[in-house]
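Enquirer: Sequence first, then the predicted structure, then my questions.
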Amino acid sequence: MKPSPEAIEPLPPTLSSMWRLCRLGFRYERGLMALSLATSQLASLPSALTALWLALLGAGVVQHQTRLALGAAVGMALSAAANWFLMTVSTRVQRRFRDKVTIALEAHVARLQASIVSVAHQERPEYLDRLSMLRNQVFVLDHMYMSLFTTLAWLLRLAFTLALLAWVNPVLLLLAVFAAPSAVAAFVRPDVENKAWERGAQDQRLSLHLFDLATTAAPGKEVRVLGVGERLACERREAWDRWHRPIERARWATAMWNGLSWGVFGCGYVGAVAFVVWGMQATTAKILLVLSAGASLAAYIRAAVGEIGFLRGFWADGSRRLAWLEDYAAKEAAPGELASPSVLREGIRFDRVSFAYPGASRLALDEVSFTLPARAVVAIVGVNGAGKTTLVKLLAKLYEPSSGEIHIDGAPLSRMLATDWRGRITGAFQDFFRFEFRARQTIGLGDVGRMEEAPAVMAAAARAGADEVVERLPSGLDTQLGRTWPDGAEPSFGQWQKLALARGFMRAAPLVQVLDEPTAALDAETEHALFERYAAAARAEGDANGRITIFVSHRFSTVRMADLIIVLDGARLVETGSHEDLMARRGPYSELYSIQAASYRPARTSPAPAPAI
């Protein structure tokens with residue numbers, strides 16, 4: 001079969017995404033959300049009355065009605081006081097709501113990403129672009145609630161102002177028609193700018209990556225020794241320019257259309273004033289009301305349109321990305337109806353398994369079939385890119401096969417719950433992560449239920465040869481790891497690697513233990529000695545539950561102790577058997593083994609000539 005690129009799903013619609021985010025906020029902080037909405041709307045009413053008070057005050061002064069003028073002045077004073085009080089209360093309530101809902105949303109996004117069975121969203125560039133923008137937006141998603149509440153408040157002021165204008169003359173409602181172009185511009189502007197933003201997301205990520213290379217400690221030594229600091233700075237600027245130029249052009253274009261739309265409204269406002277003064281021959285109070293309400297209308301429309309622009313721009317865009325992540329997580333969470341076995345009796349069988357990474361142009365595995373017997377020590381070997389790590393990912397249900405099936409004691413792995421099956425697997429990997437916790441936790445994460453049990457943690461460390469590392473730490477298992485933390489100790493790369501190995505030995509009775517090139521940084525002889533040690537321990541402990549121990553390596557000369565050796569080349573299975581069987585066949589394994597073994601033999605040298613007398 002040939003892989004076919006899979007297009008990324010479009011973002012969900014704006015309104016439905018915003019509604020889903022509102023439901024999330026109500027689920028986590030319903031009381032504060034309701035209070036925040038209510039106070040924000042109440043705070044909008046006093047200022048909306050200003051036009052009415054000004055009209056009454058003007059009428060009272062012109063008509064020499066002292067009581068009317070005095071009443072209007074008192075009304076204005078009370079409106080100003082109420083506006084200050086309600087705005088203060090609303091601001092405090094909103095701040096409290098934002099603080100609490102932000103924590104809930106951050107946890108929600110983290111939980112969604114961690115719950116996705118596959119790791120495609122962390123490896124496909126187009127998914128990374130979308131998630132990188134969500135990662136930047138998740139800390140300010142709470143602004144969407146405030147923007148929505150503020151928009152509703154401006155619309156409430158606008159509706160009240162339009163009602164006052166309609167009381168003067170319904171024809172004045174045409175001012176809303178003249179405001180329509182500005183509203184359209186506000187709706188279109190965010191979409192244009194967001195598309196330009198997303199098209200350049202890769203250049204933005206590159207810019208941030210180059211900035212990290214030039215400013216963080218990990219690459220600092222190589223950056224300085226190689227003298228590439230200036231080059232990184234220049235390339236970072238070029239990447240930023242490539243990202244920002246299209247956005248700048250989009251902003252100039254939308255700004256021009258926005259300016260034209262406000263010109264249309266300005267013409268309508270001037271016409272409305274002329275109609276009231278000369279067409280209607282209106283009273284002073286009505287003229288003052290139209291002047292004040294019309295000016296307020298312009299301000300309210302400007303504020304409402306601007307807030308809608310923000311709402312449909314950055315804030316609503318974040319809600320769409322969150323809704324997409326929820327849909328993606330739900331789609332990938334394929335429920336399994338079969339329970340994972342507690343004991344392996346037959347083993348694991350790969351039946352014509354093929355796999356292509358999403359969007360890739362070639363297969364990573366092509367029609368691979370073999371059986372891993374229960375209680376066996378298995379080695380998977382092959383040159384880099386042969387598909388070794390892909391096999392491990394499929395076995396751990398990080399991906400599902402493109403075709404074919406994996407069977408666990410005859411039951412299809414695809415029908416087993418991923419979290420349940422992964423609870424039966426443990427291992428260590430070449431690209432291990434440095435968990436900068438206390439040493440006890442860094443190792444104990446391999447079995448969270450026993451993470452604080454010192455005997456269990458030290459037993460895992462001893463099995464991995466990391467007990468000496470722990471003993472050398474200033475406070476033993478209670479030592480904080482990582483130089484960036486107060487009193488933190490920084491292990492060497494080899495020590496970090498041993499701690500990662502220890503993490504892989506924490507689970508007491510796994511069904512599958514995978515060591516995916518965890519010692520690739522070591523020389524072949526040391527790796528071979530460690531593999532022999534782990535294989536002996538696996539044989540001693542694997543009889544109880546049928547455990548399969550898998551070694552993954554590109555070094556053919558270090559896996560001779562395995563019961564079964566699987567040889568991959570170019571995404572296909574080329575040979576299986578024991579070391580002796582494969583050497584006797586004189587096939588690809590025998591040839592590559594001989595080539596690699598020869599490179600580790602010391603070269604013969606001629607005896608040095610005797611010194612001259």
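Expert: In hand now; what should we look at? Numbering: from 1, shown residues only.
Enquirer: Quick check: phi and psi at Arg157.
Expert: With angles defined as degrees, to the nearest 10, Arg157 sits at phi -60, psi -40.
Enquirer: What's the local residue count around the residue nearest to it when sequence neighbours are not counted?
Expert: Leaving aside its sequence neighbours, Arg157 sits nearest to Ala48 (Cβ to Cβ, 6 or more residues apart in numbering; 4.4 Å). The C-beta positions use only the backbone N, C-alpha and C, and glycine is treated the same way. Other residues within reach of Ala48 by the criterion other Cβ atoms under 10 Å amount to 23.
Enquirer: what's the pLDDT at the spatially closest residue to Val469 that is not a sequence neighbour?
Expert: Nearest residue to Val469, sequence neighbours excluded (Cβ to Cβ, 6+ apart): Gln495, at 4.6 Å. On pLDDT, Gln495 comes in at 87.
Enquirer: Secondary structure element for Gln495, which one?
Expert: According to DSSP states H and E, Gln495 maps onto helix 493-504.
Enquirer: helices and strands around that helix, which ones?
Expert: strand 425-429, helix 439-444, helix 454-464, helix 467-472, strand 512-516 (3 or more Cβ pairs under 8 Å, 6 or more residues apart in numbering; DSSP states H and E).
Enquirer: export the ones you listed to TSV and tack on distance to Ala562, mean neighbour count and mean pLDDT?
Expert: Below are those laid out as TSV (distance: least, Cβ to Cβ, whole Å; neighbours: other Cβ atoms under 10 Å; pLDDT from 0 to 100):
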stretch	distance to Ala562	mean neighbour count	mean pLDDT
strand 425-429	16	22	84
helix 439-444	26	25	92
helix 454-464	19	19	89
helix 467-472	26	16	90
strand 512-516	11	24	88
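Enquirer: And the longest helix seen in the chain, how far out from the chain middle?
Expert: If you go by DSSP state H, the chain has its longest helix at helix 66-115. Chain-centre distance of helix 66-115: 31 Å, with Cα atoms, centre = their mean, to the nearest Å.
Enquirer: before we move on, what about stretch 188-206?
Expert: Relative to the centre of its chain, stretch 188-206 is centred 17 Å away, using Cα atoms, centre = their mean.
Enquirer: and after the longest helix of the chain, which helix or strand comes next?
Expert: Downstream of helix 66-115, the next assigned helix or strand under DSSP H and E is helix 125-137.
Enquirer: what residue is smack in the middle of the protein?
Expert: Leu131 (4.4 Å; Cα atoms, centre = their mean).
Enquirer: how close does it get to Ala59?
Expert: According to Cβ to Cβ, to the nearest Å, Leu131 and Ala59 sit 60 Å apart.
Enquirer: returning to that earlier point: any idea of the angle the longest helix of the chain forms with helix 125-137?
Expert: Relative orientation of helix 66-115 versus helix 125-137 (axes from the mean of the first three to the mean of the last three Cα atoms, to 10 degrees): 140 degrees.
Enquirer: on contacts alone, who are the packing partners of helix 66-115?
Expert: Helix 66-115 packs on helix 14-42, helix 45-48, helix 50-62, helix 142-168, helix 316-332, going by 3+ Cβ pairs under 8 Å, 6+ apart.
Enquirer: any chance of these in CSV, plus distance to Ala537?
Expert: CSV is the format used below for these (distance: least, Cβ to Cβ, whole Å):
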stretch, distance to Ala537
helix 14-42, 47
helix 45-48, 75
helix 50-62, 81
helix 142-168, 51
helix 316-332, 36
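Enquirer: tell me the mean pLDDT over the longest helix of the chain?
Expert: pLDDT averaged over helix 66-115 gives 86.
Enquirer: ditto for stretch 364-383
Expert: Stretch 364-383 comes out at a mean pLDDT of 90.
Enquirer: cool, and stretch 180-196?
Expert: Per-region confidence: stretch 180-196 scores 73 on mean pLDDT.
Enquirer: how far out from the middle of the chain is that stretch?
Expert: When distances are taken as Cα atoms, centre = their mean, stretch 180-196 is centred 27 Å away from the chain's centroid.
Enquirer: you'd agree Asn83 is up against Pro46?
Expert: Yes: assessed by Cβ atoms under 8 Å, Asn83 is found in contact with Pro46 at 3.9 Å.
Enquirer: More neighbours: these two, which one.
Expert: Neighbour count, other Cβ under 10 Å: between Asn83 and Pro46, Pro46 has more, with 21 against 18.
Enquirer: Who are the contact partners of the more buried one?
Expert: Going by Cβ atoms under 8 Å, 6 or more residues apart in numbering, Pro46 touches Leu78, Ser79, Ala80, Ala82, Asn83, Leu86.
Enquirer: try 6 Å
Expert: Ser79, Ala82, Asn83 (Cβ atoms under 6 Å, 6 or more residues apart in numbering).
Enquirer: Next up, the contacts around the second one.
Expert: Read that as Ala82. Pro46.
Enquirer: what does Pro518 give?
Expert: Ala428, Leu501.
Enquirer: what helix or strand does it sit in?
Expert: Using DSSP H and E, Pro518 falls outside every helix and strand.
Enquirer: what's Val378 sitting at in phi/psi?
Expert: phi -120, psi 140.
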